[in-house]
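**Q** no sequence for this one, just the structure:
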């Protein structure tokens, strides 16, 4: 709808982890952003999107946990794990582990596709959400959800107390109408 109503306006899609995108938002380099929880929205206006994101492990189909329907905190003790570089994700994982022996964090990534070659070669498993695994080679990799389930949402955010252009205000209005 927006491209039809505003044919002269172009948009740019920027991909990055939450910290990078939030920094660009704070600097005024982007007007709005969609971030994956957990995210601190204290300095932003926000709209929580209804889609539930399920967390789990992306692993080689040859990994012994690939035979499971779910991964529990007890399964992760000492296993090599690659996680998001966001501290909030590490805190979320620690809370989910609830005192169980933690995995061995061997590295961090900011975009899922960057970690795929390491997971394919069984360097480690990657913590992430199911939605970003749609395009991986399922003959080599498998997503196994965490149990108990760990779920979050995406959040549309924009700077609080910032004057919005009419176009950005219309964009946010459309999101509100679609998801409220």
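**A** Now that the structure is in, tell me what you want to look at. Remember, it's a predicted structure, so these values are computed and weren't measured experimentally.
**Q** Tell me, how many residues neighbour residue 105?
**A** 14 (other C-beta atoms under 10 Å). Glycine gets a C-beta too; all of them are placed from N, C-alpha and C.
**Q** State which helix of the chain is the longest.
**A** Longest among the helix segments of the chain by residue count, using DSSP state H, is helix 166-179.
**Q** list the buried ones in that helix?
**A** 171-172, 175 (16 or more other C-beta atoms under 10 Å).
**Q** can you list contacts of it?
**A** 1-2, 6, 9, 31-32, 47, 49-50, 156, 158, 164 (C-beta atoms under 8 Å, 6 or more residues apart in numbering).
**Q** Now which of those residues would you call buried?
**A** 31-32, 47, 49, 156, 158.
**Q** I'd like the list of these that fall within helices, please.
**A** Short answer: these have none in helices (DSSP H).
**Q** so what secondary structure elements neighbour the helix or strand that contains residue 153?
**A** Per DSSP states H and E, residue 153 falls inside strand 151-159. Under the contact criterion of 3 or more C-beta pairs under 8 Å, 6 or more residues apart in numbering; DSSP states H and E, strand 151-159 touches helix 18-26, strand 33-36, strand 44-60, helix 166-179.
**Q** So which of these is nearest residue 147?
**A** Closest to residue 147 of the helices and strands packed on strand 151-159 is strand 44-60 (C-beta to C-beta; 8.9 Å).
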